[in-house]
Each structure stands twice: as structure tokens, then as C-alpha cells.
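Trainee: Quick check, what structure comes out for this input:
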Amino acid sequence: MTIENMPADAATKVLPQDVQMIIGGGHVDAADGQTFEVVNPATGEVIAHAPLGGKADVDRAVVAAQKAFDGPWSKFSAAKRGRTLQKFSDLVKKANEELAQLESRNVGKPITSARGDALAVGFIFEYYAGAANKVFGETIPVAKQPSLDFTLREPIGVVGLIVPWNYPINMASWKLGPALAAGNTCILKPASLTPLTALRLGELALEAGFPPGVVNVVTGPGGTAGAAIAAHPGIGKVAFTGETTTGQEIMRLASGNVKKVSLELGGKSPNIVFADADLDRFARESPYAVFDNAGQDCCARSRIFVERSVHEQVVEAFVAATRSVVVGDPSDDKTQIGSLVSMKQRDRVLDYVALGREEGAELILGGEAPTGDAFDRGAFLMPAVFDACRTDMRIVREEIFGPVVAIIPFDDEADAIRQANDTPYGLAGSIWSRDIGKALRVAKAVKVGVLSVNSNYGIHTEAPFGGYKMSGTGRELGMHAMDLYTEIKNVFVDLS
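Mentor: Have a look, this model is predicted:
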């Protein structure tokens, strides 16, 4: 690993700005006037003050969203919804650099990654602009004749969208896109650590022509604003991305009015490397599969299973590739890993690094905070590589959400499958082998929702994304996401 030199004034100084929530088309403060600080985790500086929203603010947003759903939004045809989403997409693409700078400063991720994230959001909205008028019902030949039986796909109504801090703008688009295409009105709640791009999206949605109240953005903690969304009787569906324990609580809160729930939760994804794989390519590409975004990714391939006969070779190559990864100032185009999202998160990851050593795993690279004036103010951490790991270790079983990888040897195909499935999670994973038959057998046997063969890239706008087991319920992206935001109504007509 290399550390990019960071001058003391590396990040551009930005005076804190006061931002407001968007409810009913207007910019508003929290009902009680309280605010919280938004911090740049790479520098420790306060960059904004945001409203500390709570139940009263969620109540206001539900009223505004229901009014829009019953009023002007209901008069938009599917084609008009699509045209408005396309305008939204165009505005997001035009604002790419602005959104990327906000995301980079708020999350601490490299500016090059933030630009890619913002660009992807524009294409997500473009995809769902095209999907808006392609949600069909069906005719069904029922036994009772003469008759006509058909189905309608209708919007749910007011939906709550709760998004995390690791990919704030992306996760917002994954939910807003299909929800709006299907004709719902939305209450978007970003994580309290990272509210800035969500608020800007809310402004761009108004500029695109969505009627007031169609897109509302409420900022505040998950324990108050998030819980109020999950429990609110006026919200018909809640979509959540975040940690598994919070998802479980959302399921409990949503049971009050039996609202629809979709959850994209934690992961501990396997990266399975067979001896017949292209080992050089694996080593070259796989550090980014776990260390990208400082490891704060539910899909991070944080468990590497290596066939025993090539274990030493793969470890050596992976470590060599990791040494070349540049950790540094997120605003520098050369930086590949920025800071973690907060000092609290870094401390949590450091605790896991210490725990791994206590458990008997061998720390062969990294795992320490870089030093120097600029680094001391930020939540930076060098990527950690553990070898000699076992599946019963906590660093192998628990989601760390930081730049830490555990390497585990396996003996044969059956052993690889057994160890890969020895986890409560089932989100994503990769399989590396030149034997396509073997790769497909393993793909069928590994219990995850998203798998890649000879690649670590598993997320596509057009394809479903989601997990097995404790990694969640439902599928986002592609046309499958439209199922999450529509009701199916069956209509039977007796023609006798």
C-alpha cells in the first residue's frame, strides 16, 4: 500500500452551510428547530448543519405526499412520469461534478469514485424513465365462463425510502427510480451522517417537474425519523438499505399496519479461487472488491477462499497488489481509498483488527491508521489482510464494514461450498475458475443472491440485486424492482 502525501490544507475549506429538508415542495427546518452537524470525515471539519427531523416532520411529509398522490401526481400518465424521470436524469447528469464533490466531502470517498457514483445515478433514472410505461397487467383464462379476468398493476401510494451512508446517492436512486416510475410518492430519509446529496436530489426532482410532495426529503437519525417512517400508518411500503439489526427492527415496526417491506442488508461475501483460475487477474482485480470505498460495502468480497495447492501463491500476489493501492486525500484524482465515514467507524474496524489477532489469525499487511497532520484529522485506515483464518472466527463471520479481508484455504469443490455457505449472510460473491462447468456447479450451490464468475462486478442496472438469508428480502434494480412498488389488482367480469 502507498500513502499519498497530503498537505495540511489538502481539502478545500468550506464554510458550514445551513441546509433544509424538502417537504411538500418547500425548504423547511425541523418542526422543533433542532439541527445536527455534518462532518467531512477526511478532515474532521463541519461542512453543514442539517435539520434534526423526527416524528412530527415525518407526519408533515406523509400529509404532503398523500396530497400529491391524490392530486396532481395521479393525473400523470405513465408516459408523462417517464418523461419527468428523463428530465430528472438529464439534470442529474448535468450536475455530476457538483453531486460528486458533495458526496466525496460528505462520505470521505475518492473523488473519482464519487464521480462514477453520480454518473450511475443519472443512468438509473434514465432506465426507470423507460420502464414507467412498460409495467403491464395480464389477462387470465379462468374456469368460470363466459368471463373476462385481468390484472392491474397499481402504485402502492406513499412509500418510505431509508438509505445508508456508504453509497448515499446511489441507494437513493435505486429506490426513487422504480418508486416514481410506478407512480408512488416518496419520503426519502438519508443517513444522518450523509444527507447532502439526497437533499440536492430533492431539489433537482422539483426542477425536473415532479409536483410538490412527490419527492420529500426528511433528515434525521434512524432512531427517530427512520423509526417514524417504518411505523407510520400512512406509509404503505418501506424500503431500507443498511445493517441487518436495523432491518430487523424495521420489520417489527412495519408490522403495525402490515406495510410492504424490502430490505437490502449486510453481507460477508465469498471470493472463491480455484487452482485453475487466472490467478494473476484475480490478484490484480480483487483488492478493489474488498477495499473499494474503504471496505464500506455490503458486497465487499471480505472472505477469500483459496484452493490449498495455490494458497501461498495467491496470498503473495494479493498482498503485492494491495501494496500498490493508494490511500490519501479524497479530492486527489490519484487516490484509490479515502477515509472511512467517521472516527467511530474507524475505531470499530480497529477493534476488529485487534480481535483478529487475538483469535489467532495472522495479520500480514496493514490494519493501522496512517500518521501525519492531515491523516490525524481524518478517519483513515490502511487495508488489512489476514491469513490463516477459520470460519469460526468473528472477523470471518461478522460484517466489519471496513478495509479488512480474511483469507481461508480449502481442499476441494465441496469444501469450498461448505465454507462459503457457513455464514448467516447471503448477498454476493465471486468464483474464479477456467472450468466453466465447475464454476456453474459452485454458483448453483452457493447461497447468495448475486454471483460473478471470473469477475468481482455483480451490480447491473438491468439485473436484479438482493440477498438470501439475513442479507435481506426483495430485489432491487432491473424490472424486478417495479414489483416492490406496485400492487396487483385482479378484476373479474361475468359476461353471461
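
Trainee: CA only for contacts and neighbour counts going forward, please
Mentor: OK.

Trainee: where are the low-confidence patches of this structure?
Mentor: With pLDDT under 70 as the threshold, the chain has low-confidence stretches at 1-15.

Trainee: Which single helix of it contains the most residues?
Mentor: helix 111-131 (DSSP state H).

Trainee: Run through who's touching that helix.
Mentor: With CA atoms under 8 Å, 6 or more residues apart in numbering as the test, helix 111-131 has contacts from 81-86, 88-90, 92-93, 96-97, 99-101, 103-104, 167, 169-170, 173-174, 177-178, 181, 330-333, 461-462, 479.

Trainee: Return the members of these classed as buried.
Mentor: Burial by neighbour count, 16 or more other CA atoms under 10 Å: within the contacts of helix 111-131 this picks out 81-86, 88-90, 92-93, 96-97, 99-101, 103-104, 167, 169-170, 173-174, 177-178, 181, 330-332, 461, 479.

Trainee: Take the contacts of helix 111-131 and keep only those in helices.
Mentor: Among these, DSSP H puts 81-86, 88-90, 92-93, 96-97, 99-101, 103-104, 169-170, 173-174, 177-178, 181 in helices.

Trainee: Now residue 239: phi and psi?
Mentor: When quoted as degrees, to the nearest 10, the phi and psi of residue 239 stand at phi -120, psi 130.

Trainee: list the contacts for it?
Mentor: Residue 239 makes contact with 159, 160, 161, 162, 175, 261, 262, 263 under the criterion CA under 8 Å, 6+ apart.

Trainee: Okay, buried residues for stretch 422-435 please.
Mentor: Of the residues in stretch 422-435, those scored as buried under the neighbour-count criterion (16+ other CA under 10 Å) are 422, 423, 425, 426, 427, 428, 429, 430, 431, 432, 433.

Trainee: Same question for stretch 55-73.
Mentor: 55, 57-59, 61-69, 73.

Trainee: same question, stretch 398-410
Mentor: By neighbour count on 16+ other CA under 10 Å, the buried set for stretch 398-410 is 399, 400, 401, 402, 403, 404, 405, 406, 407, 408, 409, 410.

Trainee: Quick check: chain neighbours aside, which residue is closest to the second one?
Mentor: Okay, so that is residue 400. By the measure of CA to CA, 6 or more residues apart in numbering, the closest residue to residue 400 outside its immediate chain neighbours is residue 349, 6.3 Å from it.

Trainee: tell me which element the one you found is part of?
Mentor: Using DSSP states H and E, residue 349 falls within helix 343-359.

Trainee: Please apply the same query to residue 262.
Mentor: Element membership for residue 262, per DSSP H and E: strand 260-264.

Trainee: ok, that strand: who's next to it in the sheet?
Mentor: Pairing partners of strand 260-264, with direction, according to DSSP bridges: strand 237-241 (parallel), strand 472-473 (antiparallel).

Trainee: Next up, the contacts around residue 186.
Mentor: Contacts were defined as CA under 8 Å, 6+ apart; by that measure residue 186 touches 65, 158, 159, 160, 161, 176, 179, 180, 213, 214, 215, 216.

Trainee: a markdown table please, covering those and showing distance to residue 471.
Mentor: What follows is those, written out as a markdown table (distance: CA to CA, whole Å):
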| residue | distance to residue 471 |
| --- | --- |
| 65 | 30 |
| 158 | 25 |
| 159 | 21 |
| 160 | 20 |
| 161 | 18 |
| 176 | 21 |
| 179 | 22 |
| 180 | 25 |
| 213 | 32 |
| 214 | 30 |
| 215 | 28 |
| 216 | 28 |
